[in-house]
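S.K.: sequence first, predicted coordinates after that:
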Amino acid sequence: QWVPAQSDNSLKKLYGQLGAAAEQQLWYDKLREVIDGYQPDILWQDFNLTQVPESRRLDFLSYYYNRAVAWNRDVVATYKDGFNNRGEVLDIERGGPAGIQTPYWLTDDSISSLSWCYTQGIGYYSSVSLLHALIDRVSKGGNMVLNIAPMADGTIPSGQQTVLRDMGNWLKAFGESIYSTRAWSVFGEGPTQMGGGSFQTPRAGTNRDIRFTRSKDNTVLYAIVLGWPGSTLNIGTMTSSRVNIGNLTSAQLLDSTAGSYVNLPRPTQDGSGLHITLPSSNAPFSALAYVVKLSFGGATPTPTPTTTPSTTPTVVPPTTTPPPAGRATATYTVTSSWDGGFQANVTVTAGSSPINGWTVSWTFPNGQKISQLWSGSYTQSGSNVTVTNASYNGALGAGAATTFGFLASWTGTNNAPTDVTVTAS
C-alpha cells in the first residue's frame, strides 16, 4: 500500500494494483497451474486467505479435489485461516498443541532457527531436537513439513545434510513407530514440555520423556523413549488402576536394524505404572530415541481418566468466568521481545456454545505502528494501532480452545499490547 500507483500492467501485477477481481482471478489461476502442471500431494497455504472471497476459496478446493478424484489420489489442502477443519488440515507454524488435537493437523518448521532460506552464517537446530519434535508432534495427531535451505546453486550444505541423514537413519530403523500410526489415548509423559502454540522452539527430550503412538489397526502400542532409560522402563501412565494389559501378547525392543526386535520379559504392573525390563542398564546400541513395541491380542487398552496430576506439564489458559452462550475469551502471553518487536501466543477459548469464527484484537499504546504480523491479518486504526486477526482457525466447539503465535514489529516505543479482546460469530 506504500507503492505509488503504476501505469505498467506488469508492475501493477507485481505491486497488487490490478484491482480485487483481477487479483482474485490471478490467485485462482496460479493454483490451477500448479495443480494441473504438478499434481501436488499437498498444497500448503500461508495466512490471509480471508482476503480472498469464500466463493473463490471454494472454487480452488473443488477444482483441486475433483482433479484428485480423476488422478485416483489422496491430496491435502492446508490452511492457517480462511478455511475450517472439516475439509482441510490446520497448519500450526513452527509449533503444535500441548496435547492431542483432533482432527489431524500439521506444522511447518525449518531446519534453521534463523531463516527459511540460505543465508551466510545460518545456524541449524540439532538432529536430536528436530527428531524429538517430530516424534512429539506425531504423538499428538500431527505431521511435520520440514523446510531446508539449499544454496543458490542447489547445493544442500553439509550441516543440513547431517541433520537430514540423522533423522533419515533413525526413521529407517524405527519408522514403524511413526509411519502409518495414529495418536493413542495419551500423547506421552515426562518432564519436557513441547508445543503449546505456534513458534515453539524444537526441544530435545530426556530419558524420562515418553511419547506414544499406535498402529493403524490399533493392536500395537509404541512407547518411544527420548533417551535410554536404563535397565527398566517405567511408564507411569499405565498404572494397574488405569490400564488393563490382560490382552498383552508381547513386549519387544526395536533393534537398530529395521524389522528386527529384542524380545523382552512380560512387563509387570502396579499402582506406580508399567515396568518393562530392558536388556541392560547401558544402551545396547546408539540411537536418538528408543522404541518399545507392545502388541495386544485385540485393541490397545484405553486408560481410564485420572484426577491425579500428570508428570507432563500442560499449558492451561487462565480461568475466567464462563462467558455467555456464543461468546469467547482470549488471553495472550509475550514469549520474547526485542527493540521494536515481540513474539506472543494467543489462546482463544469458546464459551458454553460453539462459535463459527472469531476475531481477536490487540490495542497498542504510545502511537506504535505495526509493520509486520505473522500468522494472521491485521488492520491499523489511527496512532494507537489495533491489530486484528480475522476468523483464525474457523469454528470452535463449546468450551474448546486453540492457541496460535504471532510475530510483530513496529516503529516506536517497545511496549507489548495493553489489552486483548475477542469477538465471536
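M.R.: Yes, it's here.

S.K.: tell me if Gly205 really is in a helix.
M.R.: No. According to DSSP: H, G, I helix; E, B strand; the rest coil, the state of Gly205 is coil, so it is not within a helix.

S.K.: now for it: which residues touch it?
M.R.: His132, Asp136, Gly190, Thr192, Met194, Arg211, Leu226, Gly227, Ala289 (C-beta atoms under 8 Å, 6 or more residues apart in numbering). Using the backbone N, CA and C atoms, a C-beta is placed for each residue, glycine as well.

S.K.: the closest residue to the third one other than its chain neighbours: what's it in contact with?
M.R.: The reference is to Gly190. Excluding the flanking residues, the one nearest Gly190 by C-beta to C-beta, 6 or more residues apart in numbering is Asp209, at 3.2 Å. Asp209 makes contacts with His132, Gly188, Glu189, Gly190, Pro191, Thr192, Val225, Leu226, Gly227, as judged by C-beta under 8 Å, 6+ apart.

S.K.: ok, now with 7 Å
M.R.: Counting by C-beta atoms under 7 Å, 6 or more residues apart in numbering, Asp209 makes contact with Gly188, Gly190, Pro191, Thr192, Leu226.

S.K.: out of the residues you listed, who's nearest Pro103?
M.R.: Pro103 has its nearest neighbour among the contacts of Asp209 in Gly188, at 19.7 Å by C-beta to C-beta.

S.K.: any idea how many residues pack against the closest one?
M.R.: Gly188: 29 surrounding residues under other C-beta atoms under 10 Å.

S.K.: ok, what's across the strand from it?
M.R.: Judged by DSSP bridges, the bridge partners of Gly188 are Arg211.

S.K.: tell me how far it lies from Gly123.
M.R.: 28 Å (C-beta to C-beta, to the nearest Å).

S.K.: of the contacts of Asp209, select the buried ones using a PyMOL command.
M.R.: Buried residues among the contacts of Asp209 (16 or more other C-beta atoms under 10 Å), as a PyMOL selection:
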select buried, resi 188+190+192+226
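
S.K.: any idea how far Leu114 is from Gly123?
M.R.: In this view, Leu114 and Gly123 are 6 Å apart by C-beta to C-beta.

S.K.: one more: Val52?
M.R.: From Val52 to Gly123 the distance is 36 Å (C-beta to C-beta).

S.K.: what about the two, which has more around it?
M.R.: Val52 (18 against 11).

S.K.: in contact with the more buried one, which residues?
M.R.: Counting by C-beta under 7 Å, 6+ apart, Val52 has contacts Gln24, Trp27, Gly82.
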